[in-house]
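Visitor: here are the coordinates; sequence isn't available:
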């Protein structure tokens, strides 16, 4: 009976009937994991498809970023894109999203999405969260190509 259950479990995993909460063990982002309650990621997806799915979830509902430990640079860039969009549309300061980014960098295993981002966040250690958010927004706004957005001229 245990052998049958083990085979059934492997088949279920291979066919994508189960959900996963992390990348495979030897993947570059193996330390990244997420809460299954917020992400329904089929077990048969390849790592790049998993990352695209998570990024799509962040783009649609940025608050789910809080349920990812050690987010990949692509996931962070997706959140930065949402932050940039909110700033450009004058929807108010995206303080809640910047706080999520700051929290993600509490882990030493979170890889930098933008050069110097970790140093900018760590430089605000010990400050009030509002001050930290403003400092991070200032850092991101001072970057030459903030948030990887490329402006293209409209052609007639």
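Guide: Cool, the structure landed. Because the structure is predicted, anything quoted here is derived from the model rather than measured. Residues are numbered from 1 along each chain as shown.
Visitor: Pull the number of nearby residues for residue 106.
Guide: Using other C-beta atoms under 10 Å, the number of residues around residue 106 comes to 11. For glycine as for every other residue, the C-beta is placed from the backbone atoms N, C-alpha and C.
Visitor: can you give me the strands in the chain?
Guide: 33-34, 68-69 (DSSP state E).
Visitor: Output the ones you listed in TSV; the columns should cover distance to residue 143, mean pLDDT and mean neighbour count.
Guide: Output for the strands of the chain, formatted as TSV (distance: least, C-beta to C-beta, whole Å; pLDDT from 0 to 100; neighbours: other C-beta atoms under 10 Å):
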stretch	distance to residue 143	mean pLDDT	mean neighbour count
strand 33-34	27	94	20
strand 68-69	23	96	20
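Visitor: Residues touching stretch 97-105, excluding its own?
Guide: Stretch 97-105 is contacted from outside by 62-63, 65-66, 68, 70-71, 76, 79-80, 82-83, 86, 110, 117-118, 121-122, 124, 129, 132-133, 136-137, using C-beta atoms under 8 Å, 6 or more residues apart in numbering.
Visitor: how about a markdown table for the strands of the chain, with distance to residue 99 added?
Guide: Shown next, in a markdown table, are the strands of the chain (distance: least, C-beta to C-beta, whole Å):
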| stretch | distance to residue 99 |
| --- | --- |
| strand 33-34 | 18 |
| strand 68-69 | 14 |
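Visitor: So which of those is nearest residue 21?
Guide: Residue 21 lies closest to strand 33-34 among those, at 5.3 Å (C-beta to C-beta).
Visitor: Sweet, I'm off.
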